[in-house]
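In: Just to be clear, the model below is a prediction. Sequence and coordinates:
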Amino acid sequence: MMGCHTKPGCAATCCRGRKDESGPVSSKFCKKHTCDHFYFPIPMKAPRCEFQKDPKDSVCPHHVICTVQGCECPRLQYRDPDNPVFRRYKFCYDHKCALRECPEKRRPDGINQNQFMTYCDNHNCIAEGCHSMVQAGRSCCERHTCGRPGCMAITVNQGRFCRTHNVCEWPDCHQPKTDPHNLCRIHTQCSTAGCTVLKQIGSMHCANHTCFLRGCNNSTGAFRLCTSHRCQFASCNEHRRTAPGALHCPSHSCRSRGCRNGVEEETPYCEAHACEAPGCRLEAKLEWEHKCLDHFKRRYESVGEARLIDEVRELRQVLGERMAVIQDQEECIRRQDAMIRRFGCCN
């Protein structure tokens with residue numbers, strides 16, 4: 001009986017399949033055992049592979065290794081959607097483009113020998129040292145694409161703009177821009193006298209001299225707010241009240257409605273609206289003789305009581321005087337009566 005290895009057909013041990021003779025050159029193995037490098041040698045003029053492969057793989061053990069020179073890692077596999085077999089890319093995981101559907105080799109680093117970028121030449125940003133993927137239809141990633149709308153050129157000097165658009169936008173200035181501004185170093189310097197720090201975006205001053213009120217371009221000096229928005233009370237760094245014409249913060253503003261005068265923090269009302277009574281913290285009114293309502297009432301109660309006492313005293317004095325007159329008149333009448341009685345009896 002002839003052994004299975006002597007049977008005509010596929011040269012693979014114990015395989016009963018027929019040799020693959022579908023191409024211009026016949027393989028000594030069947031389709032399942034013929035290495036892909038028999039059909040497609042790499043490089044193209046290399047000898048055809050004559051080694052047997054596993055039926056579930058696409059290449060023989062000799063061609064499993066990554067094609068990058070010096071690499072001994074196995075080539076990356078993927079499942080063939082048309083056949084129940086694993087195909088292999090030309091490169092291993094470290095050398096194949098990181099974009100899943102791309103089979104190409106990663107771009108060499110260009111700086112470090114034997115180092116590679118993350119993507120291939122078609123998908124890696126062209127900026128030096130950048131490992132990011134390019135944007136669709138562009139040659140750079142988003143970070144290295146010019147920030148001017150519509151421009152797809154690469155940025156320069158690690159800035160936001162390309163060489164064409166990396167020019168200060170100050171009139172007649174041709175200096176390069178300073179991130180994150182659209183102006184050069186000279187025109188982004190804080191406008192406060194003696195300060196050389198960069199301006200805040202949208203402000204004429206640096207962070208230390210920019211008024212906290214949005215949209216204000218006044219310098220704050222040594223304070224948090226500028227003189228137009230800071231409380232006018234000495235050494236106070238708080239914002240003025242929002243009322244029209246207010247000049248002080250809530251702590252230093254008179255609480256009387258419509259009053260713009262300043263006060264000490266422990267005093268609720270200014271001199272014009274504070275009660276004259278010692279220790280009183282209530283609001284006074286002009287028509288209340290610069291007193292609060294309580295002390296105004298008390299004053300008139302005491303004034304009324306004093307007036308009443310004076311009136312009683314005056315009445316008593318008048319009554320006393322009248323009583324004295326009446327008594328004199330009564331005495332005179334008694335005398336007259338006595339004389340009448342006396343002389344009348346003599347007659």
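Out: Arrived safely. Residues are numbered from 1 along each chain as shown.

In: end to end, how far does stretch 76-83 reach?
Out: Stretch 76-83 stretches 17 Å from its first residue to its last (C-alpha to C-alpha, to the nearest Å).

In: Kindly apply the preceding question to stretch 279-298 instead.
Out: Using C-alpha to C-alpha, the gap from the first to the last residue of stretch 279-298 comes to 15 Å.

In: what comes up buried for it?
Out: Residues 283, 284, 288, 290, 291, 292, 295, 296 are the ones in stretch 279-298 that count as buried (16 or more other C-beta atoms under 10 Å). Glycine gets a C-beta too; all of them are placed from N, C-alpha and C.

In: Now render those residues as JSON lines, adding distance to residue 179.
Out: Listed next are those as JSON lines, based on distance: C-beta to C-beta, whole Å:
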{"residue": "283", "distance to residue 179": "56"}
{"residue": "284", "distance to residue 179": "60"}
{"residue": "288", "distance to residue 179": "65"}
{"residue": "290", "distance to residue 179": "62"}
{"residue": "291", "distance to residue 179": "65"}
{"residue": "292", "distance to residue 179": "61"}
{"residue": "295", "distance to residue 179": "66"}
{"residue": "296", "distance to residue 179": "67"}
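
In: Out of those, which one has the lowest pLDDT?
Out: Within the buried residues of stretch 279-298, residue 288 has the lowest pLDDT, namely 67.

In: Distance of residue 67 relative to residue 200?
Out: Distance of residue 67 to residue 200, given as C-beta to C-beta, to the nearest Å: 54 Å.

In: Next: residue 64.
Out: 60 Å.

In: need the contact list for residue 254.
Out: For residue 254, the contact set (C-beta atoms under 8 Å, 6 or more residues apart in numbering) comprises 260, 261, 262, 263, 268, 269, 270, 272, 273.

In: Find the nearest non-adjacent residue to it, please.
Out: Closest residue to residue 254 apart from its sequence neighbours, by C-beta to C-beta, 6 or more residues apart in numbering: residue 270 at 4.1 Å.

In: in which helix or strand would I find the one you found?
Out: Element membership of residue 270 [criterion: DSSP states H and E] is none; it lies in no helix or strand.

In: right, and it touches residue 258 too?
Out: No. The criterion here is C-beta atoms under 8 Å, and residue 270 misses it with residue 258 at 11.8 Å.

In: between the two, who's got more neighbours?
Out: The residue with more neighbours, out of residue 270 and residue 258, is residue 270; 17 against 7, by other C-beta atoms under 10 Å.

In: Show me the residue at the heart of this structure, geometrically.
Out: In the chain, the centroid-proximal residue (C-alpha atoms, centre = their mean) is residue 201; its distance is 12.7 Å.

In: list the contacts for it?
Out: 180, 181.

In: and the gap between it and residue 190?
Out: From residue 201 across to residue 190, the span is 13 Å (C-beta to C-beta).
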